[in-house]
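Visitor: I would like to see how this sequence folds:
(chains A and B, ligands or ions: 1)
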Amino acid sequence: MLDLVVIGAGLSGLMAAYTAAQSGLTVRVINKGLGSMHWGAGTVDVLGYAPDAPEKPVQHPFTALANLVVQYPDHPYGLLSSDEIRAGLASFVALTEEIGLPYRGSAESDQNLFLPSPAGAARPVYLAPEAQSAGDLSRSEPMLIVGFKGMRDFFPDLIVQNLAKQGHQARSAFLPLSLVTDRIDANTVHLAEALDDLERRTRLGHELKKLVKIGERIGLPAILGMNDHSVVIADLERLSGVPVFEIPTLPPSVPGIRLYKALRSRLLELGVRIEAGMEVVSAEMTARHNGTPGSIQSVISATSARPYKHRAHNYLLATGGILGGGFNSDHTGHVWETIFDLPLTVPQDRSMWFASGFLSPTGHPIFHGGVVVNDVFQPVDGGKLIFSNLWVAGNILANADPILERSLEGSAIVTGIAAGKAIANL
Amino acid sequence: MHKLQTEVLVIGGGATGTGVVWDAALRGFKTILVERRDLTHGTTGRFHGLLHSGGRYAVKDPHGAEECIRENQILRKTHAHCIEDTSGFFVVTPEDEGDDYPEKFVAGCNAVGIPCSEIPVAEALRREPLLNPRISRVFEVPDGSADGFLAAHATVNAARVAGAQIMTYHEVDELIVEERSGERHVVGARVHNVVTGEHIVIYADIIVNAAGAWSGKLAAMAGAEVVILPSKGTMVAMNHRLVNTVINRCKMPSDGDILVPSHTVCIIGTTSVTVPNPEPLRIEPWEVQKMLDEGEKIVPGFSKARVLRAWAGVRPLFQETYTGGGRDVTRKLALLDHSQREGIKGFLTITGGKWTTFRLMAEATVDTICEHLGTQRPCTTATTPVPGAEQGNYWVGHRLHDVEEQRLQGDLICECELVTRTMLENAVQRNPALTLDDLRRDVRLGKGPCQGGFCTYRAVGILNEMESAGNWNHDMLDESADTMQWNAAHLQSPAHNLTRDVTAGNGKGHSAESPTVFNPNLLLRDFLQERWKGVTPVLWGRQLKQERLDELIYLSLMNIDHLPDDELASPVTDFYNFDTTPGPFEPEPKKVG
Ligand SMILES: Cc1cc2nc3c(=O)[nH]c(=O)nc-3n(C[C@H](O)[C@H](O)[C@H](O)COP(=O)(O)OP(=O)(O)OC[C@H]3O[C@@H](n4cnc5c(N)ncnc54)[C@H](O)[C@@H]3O)c2cc1C
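Guide: From the prediction side, this is the model:
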């Protein structure tokens, strides 16, 4: 029997699996679709906008976090001390070094970086892949943003115009897409894989050299290599003679996929199998009864062939709420957790789900709800433990809207690690 | 201030107004059409999309039924590309059994010449496998599925070719009434361009009020009385074509009893509720519930299928207050000659009717114009196909076919609706477009399952590049320019848009003095909000997950809620910002009358 089955292969599930496996536990990860890593920017946001001041970005996330947990004691960050949060992020940074995809923060460690978004807005980010960090908007070198004619998912003029409006020096230039690929239906992943090719990236490097002026830095769409990413960047910097950085694109997210792949290989080395494309549809469990918590005997996955039972001593649910598919909902206003039917703080009434505008600064209440846990990340109902052997981490947790406050990856990492530790310490 | 002079001025760019401008132009009248927003901003852009065979009215309103079948047969020729020949079933579900409606229905169809044949239930189920297997009888009639956006464009394109001038984003503020030898004459209209704020006076020999649910307001500007009771109808679009045939319930017409396949989706409708104003329209939870409940009776499991969007339109129900009687008042379509009714010369109101009968309404209107202007010119619209009709009937696979045959996968900027980059670029150069919503109407941008998730950013990126290069055609803002083709028909097909049309568009490098509506950040915000407006009344399940993914893209990744220029607004920003989130569930109010 396994020690731990992790359901969900987003950042929280993978970090929990990693933490538990490193402590010697036998772990399996089961995952239905693609974690939100495949959709995002590939950065680690810890806290970009505080809920009480959504207009202006957070400069010092740890100072802001301290205020946040005082104001909102139920916030998932409130389950951890600020030292635990720092330590969790530090171990993530160490892990990324180890897997050859180093993440960097600002020189002053308690500071958000501001990086250009694909629309040219300034994104408050705590840690960024090394390849994005030269986009730091506090640096003074002017930016040359280079796009590819015909590429659907990256628009240099838009970025440059918006950066200029915010006082940053930037200009745009275009290269033919045929420099990168001959494919007619290339998405960002295809483009990144094409640049793994030495000849193609060399050609690109020479073209960049022709475009760039002394003292500039070059921003490119985040397609600079998939498997040989760090070599691709190094080659482009050498050939162009200036710093080169990536700006994220529309999904699929190459930076996110690089991270996912690197984490997956590290987990494999630790003996952790990731069963991708497998959906957990139900569980065998006993309910809470007479003051004793219930327990999970197995979780059952549906594959094309037949249902399959996974048995473990412990289970960790990291299915990511509505975004990850961990919650479902229907027209009657019912919102439920799909595997264990855990109680949710989500209002069970459609009239209470949404604020009026898509961009409402308060966010939408339905995305703020989730599973309530105790201080070791086990789900509780009215303070009482529901299952003796179930843990929960990541964006499924109640009392935060991680997309609105830009804490998506940060809270996934630190709660994943904390839950993994809690299980390992049993 | 600009002054324009014309023979006929048409107010309103819905089906009716576009029909009138087409007919008048074909008969050789110098004609101008003004519309306060984009074409089909009103009911025509929010209808159910059924080309009526007349079957629905066969029992209740034989005269209306007869008009429908006649017009149905005409529009299939004149507007072939705007119509999908889906055919239609009238089905007797278990809820509909127990009276002699089917017999009356068949007799009614026969009486007015609607081809109608009973087909075996087994055959109907073979053609529509998701249909309720407990239906007991099925009658087939020549219903169709109509694209009201495309049809309005095609109709004004035909009018433009015949010399008419089309002015969108021009709103009538006032009608100019003069006393001439003791008689009141409407001689013109004061209009303003809602983008530039410029004021224009348009003098006309005759003015046609085709302002739909707003026609009471327009009539009042001339001192005439037209009482309109706006009646709201809500429709719900499902994410799939659950049926390929129009399905009607075979019973006395009521709410939620028609399911229309339309492009890649199918639409159930409608409700009918009297409302105080034609906009904004809130969709009540009971309306959504009722559509799902009624849908279940047609297709079991309906309410568990993925729901895409909901919207509402208003029927301009005309209430007769004039007691003089007169030949101009037909039962369903109302052509009001204000010189007869109130002694106000030079002013007609045409309202009521159906989309299916817009051509007929226009014909009646222009016949009356001829009488007023003392000339006899026969109507030719019934035999004159509009540009694009040569493409033949619409079929749902046409874009996919083009994309695969021409290998355009890499060019798709809207994967849901198969819109290529060049289709969008050509739309912007040849057709007036102020917002992405206008382009949605032109090329179906953002109408699919992701509701703008991917294409909004791409379209804004592309439009921004075009604007910077002076290739976004702004001629629509200048009422004397005439480079606008209004040619959406040739924007529908990826294969017809392999190259960017460099002859259209002005390339004047106008970005310096461009109005702020062409700002990319405003375009982004407006369109995301416009899509949100239509999903919130029906947002749950898979579509809710999709919406959260769109948040991930536009907040986490793009940070568009912290872009510059957040103070800018377009003429439609307020319209999009209207709160459409569901309120608490209240039961359906009792119908009065
Ligand atoms: C819910 C519903 C479903 C329907 N389904 C069907 C169907 O399936 N089949 C069918 O045949 N018919 C259907 N109909 C009927 C059909 O949609 C209408 O009859 C038709 O669209 C009316 O067109 P219109 O041009 O008269 O009005 P509208 O389309 O409303 O046009 C009026 C225009 O006038 C403009 N305007 C208003 N004020 C001003 C001003 N001051 N200056 C300039 N412009 C102004 C408005 O912006 C608007 O665009 C449906 C109607 C409803 C309400």
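
Visitor: centre of the chain versus stretch B:520-539, how much separation?
Guide: 19 Å (C-alpha atoms, centre = their mean, to the nearest Å).

Visitor: likewise for stretch B:260-279?
Guide: 11 Å.

Visitor: break down the stretch 451-593 of chain B into its helices, ranges please.
Guide: B:455-468, B:520-535, B:541-551, B:573-577 (DSSP state H, counting those that start in this stretch).

Visitor: distance to residue B:564 for these - can I get that in a markdown table?
Guide: Bear in mind the C-beta positions are built from the backbone N, C-alpha and C, glycine included. Shown next, in a markdown table, are those (distance: least, C-beta to C-beta, whole Å):
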| stretch | distance to residue B:564 |
| --- | --- |
| helix B:455-468 | 13 |
| helix B:520-535 | 6 |
| helix B:541-551 | 21 |
| helix B:573-577 | 16 |
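
Visitor: do you know which of those lies nearest residue B:34?
Guide: Closest of those to residue B:34 is helix B:573-577, at 18.1 Å (criterion: C-beta to C-beta).

Visitor: run through the neighbouring helices and strands of the closest one.
Guide: Applying 3 or more C-beta pairs under 8 Å, 6 or more residues apart in numbering or on different chains; DSSP states H and E, one finds that helix B:573-577 contacts helix B:520-535.

Visitor: quick check: closest non-adjacent residue to residue 350.
Guide: Reading this off chain A. Of all residues not flanking residue A:350 in the chain, residue A:333 sits nearest, at 4.3 Å (C-beta to C-beta, 6 or more residues apart in numbering or on different chains).

Visitor: if you could check chain B rather than the one you did, that'd help
Guide: residue B:365 (4.7 Å).

Visitor: please enumerate the strands of the stretch 351-500 of chain B.
Guide: B:412-414, B:419-420 (DSSP state E, counting those that start in this stretch).

Visitor: how about the helices in the stretch 151-300 of chain B?
Guide: Going by DSSP H, counting those that start in this stretch, the stretch 151-300 of chain B shows helices at B:215-221, B:285-298.

Visitor: relative to residue B:279, which of those helices is closest?
Guide: That would be helix B:215-221 among these, by C-beta to C-beta, at 11.9 Å.

Visitor: which helices and strands does that closest one pack with?
Guide: strand B:170-180, strand B:199-209, strand B:227-238, strand B:347-352.

Visitor: show me how far that helix is from its chain's centre.
Guide: Worked out by C-alpha atoms, centre = their mean, helix B:215-221 lies 21 Å from the chain centre.

Visitor: domain boundaries for chain A, per the record?
Guide: The record's domain parsing of chain A by automatic domain parsing lists A:2-101+A:258-424, A:142-242.

Visitor: would CSV of these with mean pLDDT be doable?
Guide: Output for the domains of chain A, formatted as CSV (pLDDT from 0 to 100):
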stretch, mean pLDDT
domain A:2-101+A:258-424, 96
domain A:142-242, 97
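
Visitor: right, and the ones you listed - which one's nearest residue B:489?
Guide: Using C-beta to C-beta, those put domain A:142-242 closest to residue B:489, at 25.4 Å.

Visitor: for residue 53, the count of nearby residues, please.
Guide: You didn't pick a chain, so chain A it is. For residue A:53, the count of nearby residues is 12 (other C-beta atoms under 10 Å in any protein chain shown).

Visitor: the intended chain is chain B.
Guide: Residue B:53, neighbours per other C-beta under 10 Å, totals 28.

Visitor: how about it, phi and psi?
Guide: phi -80, psi -20 (degrees, to the nearest 10).

Visitor: on the three-state scheme, the closest residue to the ligand within the stretch 1-150 of chain A is what?
Guide: The ligand sits closest to residue A:119 of the stretch 1-150 of chain A, with a gap of 31.5 Å, by C-beta to the nearest ligand atom. Using DSSP: H, G, I helix; E, B strand; the rest coil, the structure places residue A:119 in coil.

Visitor: pull the contacting residues for it.
Guide: A:158-159, A:162, B:457, B:521, B:524, B:558-560, B:563 (C-beta atoms under 8 Å, 6 or more residues apart in numbering or on different chains).

Visitor: at 7 Å instead, please
Guide: A:158, A:162, B:457, B:558, B:560, B:563 (C-beta atoms under 7 Å, 6 or more residues apart in numbering or on different chains).

Visitor: that one and residue B:377: what is the separation?
Guide: Noted for residue A:119: a distance of 54 Å to residue B:377, by C-beta to C-beta, to the nearest Å.

Visitor: residue A:138 - how many residues pack around it?
Guide: 11.

Visitor: wait, residue B:589
Guide: Neighbours of residue B:589 (other C-beta under 10 Å): 10.

Visitor: dihedrals phi and psi, it?
Guide: Per degrees, to the nearest 10, the backbone of residue B:589 is at phi -70, psi 150.

Visitor: quick one, helices of the stretch 1-150 of chain B?
Guide: Using DSSP H, counting those that start in this stretch, helices in the stretch 1-150 of chain B cover B:15-26, B:62-78, B:101-112, B:121-127, B:148-161.

Visitor: follow-up on the earlier one: thought the residue nearest to residue B:350 was touching residue B:206?
Guide: No: counting by C-beta atoms under 7 Å, residue B:365 does not reach residue B:206; the two are 9.9 Å apart.

Visitor: next, the contact list for residue 105, please.
Guide: As the question left the chain open, I've gone with chain A. A:113, A:126-127.

Visitor: nope, chain B please
Guide: So residue B:105 contacts B:58-59, B:90, B:139, B:250 (C-beta under 7 Å, 6+ apart).

Visitor: how many other residues sit next to the closest residue to residue A:270 other than its chain neighbours?
Guide: In this structure, residue A:270 finds its nearest non-sequential neighbour in residue A:21, 4.1 Å apart by C-beta to C-beta, 6+ apart. Per other C-beta under 10 Å, the neighbour tally for residue A:21 reads 23.

Visitor: now for residue A:21: which residues touch it?
Guide: A:27, A:267, A:270-272.

Visitor: that's a helix at it, yeah?
Guide: Yes: per three-state DSSP, residue A:21 lies within a helix segment.

Visitor: where does chain B dip in pLDDT?
Guide: Filtered on pLDDT under 70, chain B yields the residue ranges B:323-332, B:479-483, B:502-513, B:592-593.

Visitor: so which residue of it lies furthest out from the middle?
Guide: Ranked by distance from the centre of chain B (C-alpha atoms, centre = their mean), the top residue is residue B:181, with 41.8 Å.

Visitor: using CSV, write out every CA atom in whichever strand or helix holds residue A:203.
Guide: Assigned by DSSP states H and E, residue A:203 falls within helix A:198-211. Provided in CSV are the C-alpha atoms of helix A:198-211 (Å, rounded to 0.1, in the frame of the first residue of the first chain):
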residue,chain,number,x,y,z
LEU,A,198,21.0,25.1,-32.7
GLU,A,199,20.8,26.3,-36.3
ARG,A,200,17.5,28.1,-35.8
ARG,A,201,18.5,29.8,-32.6
THR,A,202,21.8,30.9,-34.1
ARG,A,203,20.0,32.5,-37.0
LEU,A,204,17.7,34.2,-34.5
GLY,A,205,20.7,35.5,-32.5
HIS,A,206,22.2,37.0,-35.6
GLU,A,207,19.0,38.8,-36.5
LEU,A,208,18.7,40.1,-33.0
LYS,A,209,22.2,41.5,-33.2
LYS,A,210,21.2,43.5,-36.3
LEU,A,211,18.1,45.0,-34.6
